[in-house]
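Engineer: I would like the atomic coordinates for the input below:
(2 chains)
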Amino acid sequence: MLDKASIGEPVIEMEGVSRIYQMGRVEVPALVGANLIVRQGEFVAIMGPSGSGKTTLMNLIGCLDLPDEGTYKLQGKDVNTLSDARISRLRGEGIGFVFQNYSLLPAFTALRNVQMPHYYSEGRGNRKRAMALLEQVGLGKRAKHKPLELSGGEQQRVAVARALMNDPFLLLGDEPTGNLDSASSHELMNLLEKLNRETGLTIVLVTHDSSVSARAGRVIHMRDGQIVADEVKAPGEVVSHVEGQLAAE
Amino acid sequence: MIRLINLWFALLGLGSNKLRSALTTLGVIIGVAAVIIIVSLGNGLRRSTEIQMEAWSAGTVEIRPGGMWGGPVMMVQPEAAYKEGIIAAGGEVPFEPPQPAGLTLRDVEALERLATATNGALGQVEVYGQVIYKGRSLPMGMALGVSNRYMQVYRQDLKYGRFFTEAEQESAAPVIVLDESFVKEVWGEDANPVGELLRMAMGETPQNYAVIGVLKSRQGMYGYSSRSILVPLRTAQLRLNQQGRSQNLSLIAVRVDARKSNEREYAVAQINTILRASRGLAQGTPEDYMIYDSLEYSDESARITNLMTLILSLIAGISLVVGSIGLMNIMLVMVSERTWEIGLRRAMGARQIDVMSQFLAEAALLSLVGGAIGLGIGIAGSYAASQFIEQIKGLVTVTPDVVGIAVGISAVVGIASGLYPAWRASRLQPTRALRHGT
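Structural biologist: So this is what the prediction gives:
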């Protein structure tokens, strides 16, 4: 259990990171000279208009992509120096992903989907833990259902359970509430907030939903591939904002 | 390290699109079945040709006197035949071919004594005439006078009775050995005519001959079957002599067991040298005989059959190539359709090699299942075809090497057509793959 205000070790350390896409003959700088440090236990929202580079930043953080310039250290390891196998391992065991489109495998039951990351970390699926995680997200009774038999909110909670399967140190969300109605969205945010508060899980979300970013302890604003603002709130500020919004609903 | 779990993912991946998997497999099934059926039928055809050739040629080298018509021929005596009531008065007299200087028993003896590359030599004369059984004229009008090497040189077996003894040869006894197919025609299937008498108008006067043995029939090339009447060489020569005809041999047959062409060429050269010496041919003079190696025809025919099998196999192979291109095509479609899945798996910690082995396993499974089904259909089809095609009945065998080739090919097809799509899948940038899905 970590106190929310306590400052942990750096999880993400970026220094002068750039990512330039090659579109035919044209170079498109998606991210330019980003400097960012996220410490353990932080709850960060990345905001910005479409094309501002927030998804690129997100992919770099999740080691789904590698920087063209600058250094990125994840838990102190420079990802540019790691082999594919090492990066895959770091990603599989250390990072949990939640995507906008839920991204569950349709052929598998909810339980199997949750077990999946464990198979890739050379495990045998750890059924017990997967079941416990499904119960934790309130879907214990839906374990044997396939994704298409679940609602969007339920699917996204399965995705969260899956992201937690290998007990990651970092949870990344790419518009996790983008396809959800406001009630489901609210429920999901409660779940993430609880995880952050109770287990000290570091969470980074990309969103353009202000009701989501309002619940984060830190909001990073992006525009034209650059970080233009980095706003850290005091603990009370976050809570009051949320309560204010709840009252409005 | 490759994880076995990817095989399971591959199975589930295929299971989630059963129709497409089945259709993709179909191409491989047809290809493999076609290859097996054609190779097996080709083998059956070759076996059948070999058997016919073996029967026909039996690996002998034959020497005939030079000139168009071969050896001395004794015609039916019209007077004798008339007396017996065999031909009507004024009946046509068969024409008489010219008589070149013939081969003699001296040549046979020389070959027997001197040749090392051969395995027995036989002298033969032909006597034409009328054969009567119980007053009825039989369609066969020729008897062969043969020496006792006959059985050895032509690799013949007896069905009933015995062959001529030395004593019967020496005394020119009136005895005959018949061929099974001849017996079948006159007495019926499986009849044993040993002890029966045949009357033959081949000498001065018609004479009774006792049947002492029956030879097992050898189905000859393209329906040819020998319906020979065999008599001792001396007996035939006596009949020829009675007519004042040449007793020279119409044929010398030499057994050459060697199968390799250089060994046979050596044997033929040896035979030629011995014959030239025994016939006193001066250097530079042409031979007055001709040597035929019957196996040369058999080689030629085997070559044609092999070529035919090869061409058909190539055509079958093309269908296998088409099947494998179909497989590769589907695998490429699957990779691009499932980019989001690839990205997701990468996000969950799958390494490039995991993605690659999953897709490779999918292709290999499709191809192996196709190969197995194709193998079953191929074996069943080969045997079914062999039941319906008379010439190769019972000769079609699906040999282990054919099965090995088919399974090997399907494995190679699976890996070859899966490799590139799987590699493409593994190289997909996870980000791009994920964006593809949204």
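Engineer: now the residue nearest to B:Leu320 when sequence neighbours are not counted: how far from chain A?
Structural biologist: Distances taken as C-beta to C-beta, 6 or more residues apart in numbering or on different chains put B:Gly31 closest to B:Leu320, at 3.2 Å, once the chain neighbours are dropped. To be clear about C-beta, it is placed using only N, CA and C from the backbone, and glycine gets the same treatment. Look at B:Gly31 and chain A: by C-beta to the nearest C-beta, to the nearest Å, they are 29 Å apart.
Engineer: neighbours of B:Gly31, how many?
Structural biologist: Residues near B:Gly31, counting by other C-beta atoms under 10 Å in any protein chain shown, number 30.
Engineer: so for it, what's the pLDDT?
Structural biologist: In this prediction, B:Gly31 carries a pLDDT score of 86.
Engineer: would you say it is within a helix?
Structural biologist: Yes - B:Gly31 sits within a helix when classified using DSSP: H, G, I helix; E, B strand; the rest coil.
Engineer: for it, give me its contacts.
Structural biologist: Taking C-beta atoms under 8 Å, 6 or more residues apart in numbering or on different chains as the criterion, B:Gly31 is in contact with B:Ala316, B:Gly317, B:Ser319, B:Leu320, B:Val321, B:Val322, B:Gly323, B:Ser324, B:Gly374, B:Ile409, B:Val413.
Engineer: equivalent analysis for B:Ile36, please.
Structural biologist: Counting by C-beta under 8 Å, 6+ apart, B:Ile36 has contacts B:Gly374, B:Leu375, B:Gly378, B:Ile379, B:Gly381, B:Ser382, B:Val398, B:Val402, B:Val403, B:Ala406.
Engineer: repeat that for A:Leu188.
Structural biologist: Shown in contact with A:Leu188 (C-beta under 8 Å, 6+ apart): A:Gly153, A:Gln156, A:Arg157, A:Val160, A:Pro176, A:Thr177, A:Leu180.
Engineer: low-confidence ranges in chain B?
Structural biologist: B:1, B:53-58, B:67-101, B:203-204, B:218-227, B:296-299, B:431-438 (pLDDT under 70).
Engineer: ok so, going back, just the contacts of B:Ile36 now: which is nearest B:Thr339?
Structural biologist: B:Gly374 (31.3 Å; C-beta to C-beta).
Engineer: rewinding a little: of the contacts of A:Leu188, which is the most crowded?
Structural biologist: For the contacts of A:Leu188, neighbours tallied by other C-beta under 10 Å; top is A:Gln156, 30 neighbours.
Engineer: so for the helix or strand containing that residue, mean pLDDT?
Structural biologist: Using DSSP states H and E, the element containing A:Gln156 is helix A:152-164. For helix A:152-164, mean pLDDT is 92.
Engineer: how far is the next helix-or-strand element following it from where the chain is centred?
Structural biologist: Elements were assigned by DSSP H and E; along the chain past helix A:152-164, the next helix or strand is strand A:170-174. Centroid separation between strand A:170-174 and its chain, computed with C-alpha atoms, centre = their mean, to the nearest Å, is 1 Å.
Engineer: ok, the residue of the stretch 1-150 of chain B found nearest chain A - contacts?
Structural biologist: Residue nearest to chain A within the stretch 1-150 of chain B: B:Ser16 (4.1 Å; C-beta to the nearest C-beta). Shown in contact with B:Ser16 (C-beta under 8 Å, 6+ apart): A:Pro106, A:Ala107.
Engineer: mind redoing it with 10 Å?
Structural biologist: Contacts for B:Ser16 (C-beta atoms under 10 Å, 6 or more residues apart in numbering or on different chains) come out as A:Leu105, A:Pro106, A:Ala107, A:Phe108, B:Arg338.
Engineer: could you do B:Gly381 as well?
Structural biologist: B:Ala33, B:Ala34, B:Ile36, B:Ile37, B:Ile38, B:Ser40, B:Leu41, B:Gly374, B:Val396, B:Val398 are the contacts of B:Gly381 under C-beta under 10 Å, 6+ apart.
Engineer: of the residues you listed, which pair is most distant in space?
Structural biologist: Going by C-beta to C-beta, the pair spanning the contacts of B:Gly381 furthest: B:Gly374 and B:Val396, at 17.0 Å.
Engineer: give me the more crowded residue out of the two.
Structural biologist: Legend: neighbour count by other C-beta under 10 Å for B:Gly374 and B:Val396, higher for B:Gly374 (31 against 24).
Engineer: taking the centroid of chain A, which residue is nearest it?
Structural biologist: For chain A, A:Leu172 is the residue whose C-alpha lies nearest the centre (C-alpha atoms, centre = their mean; 1.3 Å).
Engineer: neighbours of the closest residue to that residue other than its chain neighbours, just the number please.
Structural biologist: Distances taken as C-beta to C-beta, 6+ apart place A:Gly62 nearest to A:Leu172, at 4.9 Å, with adjacent residues excluded. Number of residues near A:Gly62 (other C-beta under 10 Å) recorded here: 22.
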